[in-house]
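K.L.:
Please work out how this folds:
(one chain, ligands or ions: 1)
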Amino acid sequence: MASEAELAALHADLTAKQADVNRTGDEVRAMKGALKEKKVDKAEVDKVVAKLTALKLELKAAEDAYKAKAGVSKDSSEGRKKFREDVSNALERRLFYIPAFKIYGGIAGLYDYGPPGCAVKANILQFWRQHYVMEENMLEVECPCVTPEVVLKASGHVEKFTDLMVKDVKTSACYRADHLLKDAVEDLLEKNPTFAPDVVLEHKNVLARVDEFSADELGALLTKYKIVAPETKNELSKPYPFNLMFATSIGPTGTMQGFLRPETAQGIFVNFRDLLYYNGNKLPFAAAQIGQAFRNEIAPRQGLLRVREFTLAEIEHFVDPEDKSHPKFKHVKDLEFLLYPRAEQLGAEKKPVLTKIGDAVAQGIVNNETLGYFIARTYLFLTKLGIDKTRLRFRQHLASEMAHYAQDCWDAEIECSYGWIECVGLADRAAYDLKQHSEESKQPLIAFKRYDKPREVEHVVVAPDSKVLGKMLKKDNKVVKEALEAMSEEEALAMQAKLEKDGEAPLTICTTNQTFTITRDMVKIAKEKRTESGKNITPSVIEPSFGVGRIIYCLFEHSYYAREGDEQRTVFKFTPLVAPIKVTVFPLVSNAKLDEEGYQISQAMTASGVANKIDTTAISIGKRYARTDEIGVPFAITVDFETLQGGTVTLRERETTEQVRIGTKQVVGVVRSLADGVVAWSDVVAQYPKVEAKEEK
Ligand SMILES: Nc1ncnc2c1ncn2[C@@H]1O[C@H](COP(=O)(O)OP(=O)(O)OP(=O)(O)O)[C@@H](O)[C@H]1O
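P.N.:
Numbering: from 1, shown residues only. Next comes the predicted model:
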């Protein structure tokens, strides 16, 4: 096995050679364009083409040398790293995304999406709206990013939205304490494959609980594992909480504290009353919001996976806490996918289990139907986008990981080269958020639950006698009357018992801390039966929360591969739904008539809403196919001389590289149906004559 230094040198060589090939490839393309315009002569072009061929051979040799030394398999950590670098290079080269403010050196955790990245994101969000908002008739809102402090105080973010941070005691560089621990334990396990099973289990239990340790527990573990600052190897401070919200002030006076929202959910909760009214005062209903969220992450890392500004798509589904059944659960109950319940995470096997969601709900593994319904719909959403279902699991939070008020929480985790990544959080948050905002705003955020038929209900009625109170308590009578009326049923019954026994009872006013003596003549407390048509309830909230950037990045990794036998020909196998461009139109060779035909087809595609691109560059058709494969275009139309004579074009599908010949009049409709997923490629092959593939090299 090669030393780390040897491997690093081989890898650096490989990266440099890849850059040479990319640069020279661009040069060749530019020269060929210039040749077309007769600005250079052919001999010059041939020279650069020959240089590119030689560089490609060198690159292949460098790759073989690296693989031989590293024993690279896709599953080894070196293999994963190499795969990740290949994907990232392809993504950055093709401007899917790039570090923001790059010409000024960039800022950690901030990224720009370039043209194909924007298109992929827009397609995913459009599908999200269709799959959730349209399917469930959700009420979509768009609320401000700048949020006043009072809202985030009520939600608990001002006090508790923190991560535990440690500092390098000499340089003050900051790190997330749980991430340092996780990296160190993973590294230890990877470097010591011969650890005894009980030792492995002990370390794996630390990993399973890494999110839930307190500052003291984390501090003790950092010491136990002898963890120091990664770059300098200096000692670290003790862990302490760091609030992740970006603070700002609202208005010119600087007196109103605000924050950039760390999630979009609060905008929905504070609008609950209006949304309920809009929905005809009926439960259940869901509201949805797509928007930017901001978190001042301590140490952003892993590209798009942990950033400081990102797009969230969130749903708040408001439901009767006593009835969390879902009318459409029957449609998804037989879906089977990987669930990783709490018991499995703590058991010896530690493996997710292929489970029918209907069984998981029936057995009480998933708390209720509505939560189960959203888990299943999220499975469908992600797999329809192109996420590999064998690398998608739903992991239940350990009891200690959940907030005290939460009923049940599951994360959709997707495996990529960084490991299993939480991409969607699905939580039953009970009535917590609405109650918090009700209390802080003094506005009741409740719904009226109508019974099927009126019910006779016993109530405790508290009737203060204003005359007696006025006479006995003078100016204090009003506040005492209000306090008596505000008593809960339990408090009122306790007071009644005391009044009956002793003839008097104490009443303490919380706000002023005054205590008054209440006598029997001041208040009548009695049980009374009433017929009621319903009651006020605070709805429970089921919240699916989608980190759009994380889904996009995992999708990029799951879609990327190199064609067999040719490492250079890389492909993003995006589904037509996700693909930034659905079809490319290629005139076969440089020819005005072919170009004109191509433009006509391209325009017809645009008019019918199919994202397309025409490529009239003079490079070979095989190379042009390769170029569109690299950004994941699923279909290509080639306009050739038969088009001019017989009115037909060839249509190529990216994954099979099969081609059919099809009339120019039909091709737009067919591509549109393919792009919309209405027909499959196999249907097209069955209907139209297959043709010998035009050169693919
Ligand atoms: N810094 C971030 N960068 C990108 N996406 C993020 C970030 N933080 C959270 N998300 C995404 O937002 C979703 C909902 O946020 P939530 O508050 O549940 O995350 P979280 O549990 O704080 O995430 P983590 O534990 O990874 O920090 C997550 O499932 C994730 O996909």
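K.L.:
what residues are up against the residue lying closest to Ile365 once chain neighbours are set aside?
P.N.:
Excluding its sequence neighbours, the residue lying closest to Ile365 (Cβ to Cβ, 6 or more residues apart in numbering) is Pro341, at 5.0 Å. Bear in mind the C-beta positions are built from the backbone N, C-alpha and C, glycine included. Residues near Pro341 by Cβ atoms under 8 Å, 6 or more residues apart in numbering: Val353, Ala360, Ile365, Gln396.
K.L.:
same deal with Tyr373?
P.N.:
The neighbourhood of Tyr373, defined by Cβ under 8 Å, 6+ apart, consists of His326, Lys328, Phe329, Val332.
K.L.:
quick one, phi psi at the residue nearest to Ile365?
P.N.:
Phi and psi for Pro341, reported as degrees, to the nearest 10, are phi -70, psi 160.
K.L.:
what do you get for Leu276?
P.N.:
Torsion angles, degrees, to the nearest 10, at Leu276: phi -60, psi -40.
K.L.:
Go ahead and confirm it touches Phe285.
P.N.:
Yes - using Cβ atoms under 8 Å, Leu276 is in contact with Phe285, at 7.3 Å.
K.L.:
Now the common contact residues for the two.
P.N.:
Here Leu276 and Phe285 share the contacting residues Phe318, scored by Cβ under 8 Å, 6+ apart.
K.L.:
so how far is Asn477 from the residue lying farthest from the centre of the chain?
P.N.:
The centre of the chain is farthest from one residue, Lys471, which by Cα atoms, centre = their mean lies 63.9 Å away. Distance, Lys471 to Asn477, by Cβ to Cβ, to the nearest Å: 8 Å.
K.L.:
So which elements touch the strand or helix carrying Leu339?
P.N.:
Counting by DSSP states H and E, the element that carries Leu339 is strand 336-340. If contacts are counted by 3 or more Cβ pairs under 8 Å, 6 or more residues apart in numbering; DSSP states H and E, strand 336-340 sits against strand 353-356, helix 357-362, strand 392-396.
K.L.:
what's the longest helix in this structure?
P.N.:
What stands out as the longest helix in the chain, according to DSSP state H, is helix 4-36.
K.L.:
Buried residues, that one. List them.
P.N.:
7, 10-11, 13-14, 17-18, 20-21, 24-25, 28-29, 31-32, 35 (16 or more other Cβ atoms under 10 Å).
K.L.:
how distant is the helix or strand following that helix from the center of its chain?
P.N.:
Following helix 4-36 in sequence order, the next helix or strand is helix 42-70 (DSSP H and E). Its chain's average C-alpha position is 39 Å from that of helix 42-70, according to Cα atoms, centre = their mean, to the nearest Å.
K.L.:
Could you work out the end-to-end span of stretch 474-493 for me?
P.N.:
26 Å (Cα to Cα, to the nearest Å).
K.L.:
which other residues reach it?
P.N.:
459-460, 462, 464, 466, 469-470, 473, 495, 507, 509, 512, 514, 516, 518, 522-523, 525.
K.L.:
before we move on, the earlier item: the inter-axis angle of the strand holding Leu339 versus strand 392-396?
P.N.:
Between strand 336-340 and strand 392-396, the angle comes out at 40 degrees (axes from the mean of the first three to the mean of the last three Cα atoms, to 10 degrees).
K.L.:
in terms of contact count, name the helices or strands touching the very next helix or strand once past strand 336-340.
P.N.:
Following strand 336-340 in sequence order, the next helix or strand is helix 342-346 (DSSP H and E). In terms of contacts (3+ Cβ pairs under 8 Å, 6+ apart), helix 342-346 is packed against helix 197-208, strand 392-396.
K.L.:
list the buried ones in helix 342-346?
P.N.:
Neighbour-count burial for helix 342-346 [16+ other Cβ under 10 Å]: Arg342, Glu344, Gln345.
K.L.:
got it, and stretch 621-639?
P.N.:
For stretch 621-639, burial by neighbour count (16+ other Cβ under 10 Å) applies to 621, 623-639.
K.L.:
re earlier: pairing partners for the strand holding Leu339, with directions?
P.N.:
strand 353-356 (antiparallel), strand 392-396 (parallel) (DSSP bridges).
K.L.:
Give me the buried entries from the contacts of Pro341.
P.N.:
Buried, going by 16+ other Cβ under 10 Å: Ala360, Ile365, Gln396, out of the contacts of Pro341.
K.L.:
Can you tell me which of the residues you listed is closest to the ligand?
P.N.:
Gln396 (13.7 Å; Cβ to the nearest ligand atom).
K.L.:
what separates the closest one from Leu426, distance-wise?
P.N.:
To Leu426, Gln396 is 10 Å away according to Cβ to Cβ.
K.L.:
ditto for Glu314
P.N.:
Taking Cβ to Cβ, one finds Glu314 at 11 Å from Leu426.
K.L.:
of those two, who's got more company?
P.N.:
Taking other Cβ atoms under 10 Å, Glu314 and Leu426 do not tie; Leu426 has more neighbours (25 against 21).
K.L.:
tell me the secondary structure for the more buried one?
P.N.:
In three-state terms, and counting by DSSP: H, G, I helix; E, B strand; the rest coil, Leu426 is strand.
K.L.:
how about the nearest residue to the residue in the stretch 401-550 of the chain positioned nearest to the ligand, chain neighbours excluded?
P.N.:
Using Cβ to the nearest ligand atom, the closest approach of the stretch 401-550 of the chain to the ligand is made by Gly547 at 1.9 Å. Nearest non-adjacent residue to Gly547, counting by Cβ to Cβ, 6+ apart: Cys423, 5.5 Å away.
K.L.:
neighbours of that neighbour, just the number please.
P.N.:
Using other Cβ under 10 Å, the number of residues around Cys423 comes to 26.
K.L.:
and Asp521, helix, strand or coil?
P.N.:
helix.
K.L.:
mind starting the numbering at 751 from now?
P.N.:
Sure thing, new numbering starts at 751, so read that last one as Asp1271.
K.L.:
Contacts only, for it.
P.N.:
The contact partners of Asp1271, by Cβ under 8 Å, 6+ apart, come to Asp1215, Val1218.
K.L.:
what does this protein put close to the ligand?
P.N.:
Neighbours of the ligand within the chain, by Cβ under 6 Å from any ligand atom: 1045, 1047, 1056-1057, 1060, 1062, 1172-1175, 1295, 1297, 1299-1300.
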